[in-house]
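Participant: Here you go, sequence then predicted model.
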Amino acid sequence: EDKVVQSPLSLVVHEGDTVTLNCSYEVTNFRSLLWYKQEKKAPTFLFMLTSSGIEKKSGRLSSILDKKELFSILNITATQTGDSAVYLCAVEPSSGNNDMRFGAGTRLTVKP
Amino acid sequence: SQTIHQWPATLVQPVGSPLSLECTVEGTSNPNLYWYRQAAGRGLQLLFYSVGIGQISSEVPQNLSASRPQDRQFILSSKKLLLSDSGFYLCAWRDTGELFFGEGSRLTVL
């Protein structure tokens, strides 16, 4: 059965800290891995990763995928209170079913 | 540009009552449509997905059903709600890339 495991489940840091969120997966015929940020309601898209070793970057956020070890990390540098959210990792298999499997998420709290 | 609308935003229903959550997408045609449920402190559980009108795939056996009467309309229903149906329901669509989510519907069954 496909599985996505995120760690830690929750994390509390102070503004300016750097954080690393982890996502490991087991999926048959991997196609892509996606990161989302969920503040209150709708998750918003951050990154889609399909190739190993290629870092995707957007401002203070960056992410990379390791298809050999089956994991991805999401880094946030110089954290701000606005980064407080649940970060979700999702994996899409190339099974042709058009579904994505989500992890339980990491709840990040950034204190002033 | 594409937009997704989901309603109602909040719903409080007694056990045994029916349910209807509606989702519509604008600005695209023949999207893949999804219903997810998010229990408190947990990730998103895929309930149903649809690749076309009248085509519904169910991921887990449950008290809920889904229908797609029109290309850009996706409905989540129940004839008799259970306490365990409480949660945050998210509709989503995608073409070939990432999922785009609606604002969600918070259902409380009492």
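Facilitator: Yep, it's here. Numbers count the residues shown, from 1 in each chain, chains lettered A, B, ... in the order given.
Participant: For the rest of this, base every contact and every neighbour count on C-alpha atoms.
Facilitator: Will do.
Participant: Let me see the contact set for the closest residue to chain B within chain A.
Facilitator: Nearest residue of chain A to chain B: residue A:104, at 3.6 Å (Cα to the nearest Cα). Residues counted as contacts of residue A:104 (Cα atoms under 8 Å, 6 or more residues apart in numbering or on different chains) are A:5-6, A:9, A:88, B:41-44.
Participant: which of those count as buried?
Facilitator: Among the contacts of residue A:104, those buried by neighbour count (16 or more other Cα atoms under 10 Å in any protein chain shown) are A:5-6, A:9, A:88, B:43-44.
Participant: Just give me the closest of those to residue B:60.
Facilitator: Comparing the buried ones among the contacts of residue A:104 against residue B:60 with Cα to Cα picks out residue B:44 as the nearest, at 12.9 Å.
Participant: Might one say that that closest one is in contact with residue B:36?
Facilitator: Yes. Contact criterion Cα atoms under 8 Å: residue B:44 and residue B:36 qualify, at 5.9 Å.
Participant: re earlier: check which helix or strand covers the residue of chain A closest to chain B.
Facilitator: Under the criterion DSSP states H and E, no helix or strand holds residue A:104.
Participant: In space, what's closest to the residue in chain B that chain A sits nearest to - neighbours in sequence excluded?
Facilitator: Shortest chain B-to-chain A distance, computed as Cα to the nearest Cα: residue-wise this is residue B:43, at 3.6 Å. Once flanking residues are discounted, residue B:43 sits nearest to residue A:104: 3.6 Å by Cα to Cα, 6 or more residues apart in numbering or on different chains.
Participant: With residue A:48 instead?
Facilitator: Here the residue nearest residue A:48, using Cα to Cα, 6+ apart, is residue A:34, at 4.4 Å.
Participant: Let me see the contact set for the one you found.
Facilitator: Residue A:34 makes contact with A:45-49, A:89-91, B:98, according to Cα under 8 Å, 6+ apart.
Participant: Closest one of the residues you listed to residue B:78?
Facilitator: The closest of the contacts of residue A:34 to residue B:78 turns out to be residue A:90 (Cα to Cα; 27.1 Å).
Participant: pLDDT at the closest residue to the closest one other than its chain neighbours, what is it?
Facilitator: Closest residue in space to residue A:90, ignoring its immediate chain neighbours: residue A:102 at 4.2 Å, by Cα to Cα, 6+ apart. Per-residue pLDDT puts residue A:102 at 91.
Participant: surely residue A:102 meets residue A:87?
Facilitator: No. Counting by Cα under 8 Å, residue A:102 sits too far from residue A:87 to count as a contact (10.5 Å).
Participant: So what are the sheet partners of the lowest-mean-pLDDT helix or strand in chain A and their directions?
Facilitator: Using mean pLDDT, DSSP states H and E, strand A:101-102 stands out as the lowest-scoring helix or strand of chain A, at a mean of 89. Using DSSP bridges, the strands paired with strand A:101-102 are strand A:85-93 (antiparallel).
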